[in-house]
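Colleague: turn this into a model:
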Amino acid sequence: MIYSILFAMLLSPAVEATASYQEEYRGSYVPKTFNSWRGVQVIAPDTPYVAAAGLDKLYFIDTKYDNETAAHIKEQIQWAMLPNPDEVISIDEEKATAAIKKASTKEVVFEFDPIYARVFFARFMNRQNPSLKLPEHEEGGDWLVTYNVGNIFERDTQACEDHGCNSAADCKKHNCDSCHEARVDNECEHPITNAVGACNKKKKKCPKLVDPERLANESDAEYYARADALHWGADH
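Modeller: The predicted structure is shown next:
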């Protein structure tokens with residue numbers, strides 16, 4: 001449901017004008033790193049306009065967003081892209097929502113803004129519930145920069161879904177990033193880093209709206225149409 005978004009999660013900039021970035025963190029910039037449980041990991045600089053989007057990637061958020069909105073986008077990206085070994089991404093493929101939970105206790109430690117959840121985890125949600133028909137975005141453009149930080153593992157993006165899991169740590173041996181927990185099946189995955197920033201080309205910044213309340217006797221199609229109109233406008 002919530003159609004064009006994120007992250008490169010993201011696709012085209014969220015505003016009509018050409019996207020602009022904090023150029024001091026691009027080009028010859030060398031990000032700091034640390035040894036994470038998955039390997040050498042880049043650290044995002046201390047600015048709301050640059051997010052860590054993987055072991056070797058930084059995502060650059062359009063500086064036309066205000067600080068609060070940019071920080072909100074950065075938070076969503078980093079929770080999706082930097083799983084902890086003892087956590088699982090719990091996805092409700094009927095409501096099209098997602099949260100981070102402790103694998104052992106099922107305690108919720110973070111809930112995704114629905115508009116970002118439906119971009120980050122669109123492929124997984126569509127497999128579990130084809131009726132959603134969420135758009136699945138391609139890899140990112142200029143807003144996503146990859147750095148040479150050493151021992152980045154190779155991954156077979158087509159094989160991750162073949163492996164079951166109970167935590168993110170279960171997926172490391174398959175060179176996959178995270179464990180996605182659905183209503184029926186759990187499987188290894190890795191979030192797409194491509195549409196964050198797109199949100200809505202007609203608006204100046206990403207809306208932080210929650211889905212409307214379900215009306216009595218409202219069909220799935222009617223409810224999702226109202227939710228999409230709220231987030232993206234009637235002509236999305």
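
Colleague: contacts for the one helix or strand residue 110 maps to next, please.
Modeller: Applying DSSP states H and E as the criterion places residue 110 in strand 108-111. If you take C-beta atoms under 8 Å, 6 or more residues apart in numbering as the criterion, strand 108-111 is touched by 79, 87, 90, 97-102. All C-beta atoms are positioned from the backbone trio N, CA, C, and that covers glycine.

Colleague: sheet-wise, list the partners of it with their directions.
Modeller: strand 97-102 (antiparallel) (DSSP bridges).

Colleague: state the pair within the contacts of strand 108-111 that is farthest apart.
Modeller: 97 and 102 (17.7 Å; C-beta to C-beta).

Colleague: neighbour count winner among the two?
Modeller: residue 97 (19 against 14; other C-beta atoms under 10 Å).

Colleague: in this structure the more buried one contacts residue 120, no?
Modeller: No. Contact criterion C-beta atoms under 8 Å: residue 97 and residue 120 do not qualify, at 11.4 Å.

Colleague: now do the shared contacts for those two.
Modeller: Going by C-beta under 8 Å, 6+ apart, residues that sit against residue 97 and also against residue 120 are residue 112.

Colleague: so which bits of the following helix or strand past the strand holding residue 110 are buried?
Modeller: For strand 108-111, the succeeding helix or strand toward the C-terminus, using DSSP H and E, is helix 114-120. Neighbour-count burial for helix 114-120 flags 114-120 (criterion: 16 or more other C-beta atoms under 10 Å).

Colleague: for the residues you listed, give me TSV that also has pLDDT and distance to residue 65.
Modeller: Shown next, in TSV, are the buried residues of helix 114-120 (pLDDT from 0 to 100; distance: C-beta to C-beta, whole Å):
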residue	pLDDT	distance to residue 65
114	89	19
115	85	14
116	86	14
117	89	19
118	86	19
119	84	16
120	86	18
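
Colleague: quick one, longest helix in the chain?
Modeller: Looking across the chain with DSSP state H, the single longest helix is helix 67-81.

Colleague: from the chain's centroid, how far away is that helix?
Modeller: Centroid displacement of helix 67-81 relative to its chain, using C-alpha atoms, centre = their mean, to the nearest Å, is 9 Å.

Colleague: angle of it against strand 97-102?
Modeller: Counting by axes from the mean of the first three to the mean of the last three C-alpha atoms, to 10 degrees, helix 67-81 lies at 60 degrees to strand 97-102.

Colleague: distance of the spatially most central residue of the chain from residue 220?
Modeller: Ranked by distance to the mean C-alpha position of the chain (C-alpha atoms, centre = their mean), the top residue is residue 120 at 3.3 Å. As for residue 120, its distance to residue 220 is 22 Å (criterion: C-beta to C-beta, to the nearest Å).

Colleague: all helices for the protein, in order.
Modeller: Taking DSSP H, the helices of the chain run over residues 67-81, 114-120, 122-128, 169-172, 220-232.

Colleague: tell me which of these is the most buried.
Modeller: Most buried of the helices of the chain by mean neighbour count (mean count of other C-beta atoms under 10 Å) is helix 114-120; its value is a mean of 27.

Colleague: any low-confidence regions in the protein?
Modeller: The model of the chain has pLDDT under 70 over residues 1-17, 137-141, 150-158, 191-213, 224, 227-236.
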